[in-house]
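Visitor: Below is the sequence, then the predicted model.
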Amino acid sequence: MQSVQISEIEDRIKFVSHEIRNHLSVCDMYSQIIKKYLDKDGYKNPSVYNALNCISQSLQIISMNVTDLKSVNASEPVEIDFKECAEKSVELSKAYVEDKDIEFEVFIKNTVNIKIDENRFISCIVNIIKNAIESIEIKGKISVIGEVKDNRAVLKISNNGKPVPSEKQCRIFDCGYTSKKSGSGYGLYICKKYLNSQNSDIELVKSNKSETTFKITVSL
Ligand SMILES: Nc1ncnc2c1ncn2[C@@H]1O[C@H](COP(=O)(O)OP(=O)(O)O)[C@@H](O)[C@H]1O
Ligand SMILES: [Mg+2]
């Protein structure tokens, strides 16, 4: 009985991932066509190019997750530039701002090559910034400050939104813990699990009325 159910689940995974992949390739193909036409017409708006780059990065992240579902290709750590990766993640996260009034301060002091799976690392940073955006009701500020020091690349992400109550702070990395109506409670859990598997970490430095700060530390 149980084996029948498992094979049904496996079939479903294959079917769903096949469908997702088909539609990902449609999105990818059309964003490339749009880019080509913009280049041809000499269109110069950097925001539109930035949006297309974000779509392309998101497609890669979805594709990586679909691959994960089939557990074919677990993780591919490669050398990537810390500063570039952090800045790319901020651009991607801005899609979640919607109609809020959020000021971003991004300062990556210096950089280094880190050996990590780029899509997974970007996913972690995006998750943290998305939470920061969600904690701000209407107007606020998010800062992303990076520094390479003492054999570590450190990224601090702060916001001045609604804080995590002190009695809940020990639970936020638990699988499924959420304080949101439509939250999943997987973001921080997945982030910590992945970073820990790479000899790296994420922690909540502080959360009070004036500021909530998360710190990602990547060991070099
Ligand atoms: N920047 C933040 N400010 C306030 N609360 C936060 C912040 N980041 C995370 N949290 C808290 O941690 C919980 C877990 O976050 P996460 O794992 O990303 O799941 P989700 O976003 O689906 O709730 C959130 O529901 C929220 O209560
Ligand atoms: Mg989240």
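Guide: Everything's here; your move. Ligands and ions are numbered 1, 2, ... in the order given.
Visitor: switch to C-alpha atoms for all contacts and neighbour counts from now on
Guide: Noted.
Visitor: What parts of the protein come near ligand 2?
Guide: Residues of the chain lying near ligand 2 by C-alpha under 5 Å from the ion: 131, 187.
Visitor: just for the chain, where's the confidence low?
Guide: 1-4, 71-74 (pLDDT under 70).
Visitor: Residues of it that sit close to ligand 1?
Guide: For the chain, the residues in contact with ligand 1 (C-alpha under 6 Å from any ligand atom) are 131-132, 135, 162-164, 172, 177-180, 183-189, 212.
Visitor: Among those, which ones are in strands?
Guide: residue 212 (DSSP state E).
Visitor: Can you say which of the residues of the chain next to ligand 1 are buried?
Guide: 131-132, 135, 162-164, 172, 177-178, 185-189, 212 (16 or more other C-alpha atoms under 10 Å).
Visitor: Could you point out the longest helix of this protein?
Guide: Criterion DSSP state H: the longest helix present in the chain is helix 2-40.
Visitor: Inside helices: which ones of the residues of the chain next to ligand 1?
Guide: Using DSSP H, those in helices are 131-132, 135, 187-189.
Visitor: Now the two most distant members of those.
Guide: With C-alpha to C-alpha as the measure, no two of those lie farther apart than 135 and 189, at 17.6 Å.
Visitor: Now do the strand of greatest length in the chain: distance to the chain's middle.
Guide: Counting by DSSP E, the longest strand found in the chain is strand 139-149. Remark: strand 139-149 is offset 15 Å from the chain centroid, using C-alpha atoms, centre = their mean, to the nearest Å.
Visitor: ok, residues contacting it?
Guide: By C-alpha atoms under 8 Å, 6 or more residues apart in numbering, the residues outside strand 139-149 that reach it are 83, 100-112, 129, 132-133, 153-161.
Visitor: same thing but 7 Å
Guide: Outside strand 139-149, the residues that touch it by C-alpha atoms under 7 Å, 6 or more residues apart in numbering are 100-111, 153-161.
Visitor: What's the first helix or strand after that strand?
Guide: strand 152-159 (DSSP states H and E).
Visitor: In the sheet, which strands lie alongside that following strand, parallel or antiparallel?
Guide: For strand 152-159, the paired strands and their directions (DSSP bridges) are strand 139-149 (antiparallel), strand 212-219 (antiparallel).
Visitor: domain assignment for this protein?
Guide: Domain segmentation of the chain under automatic domain parsing yields 2-69, 78-219.
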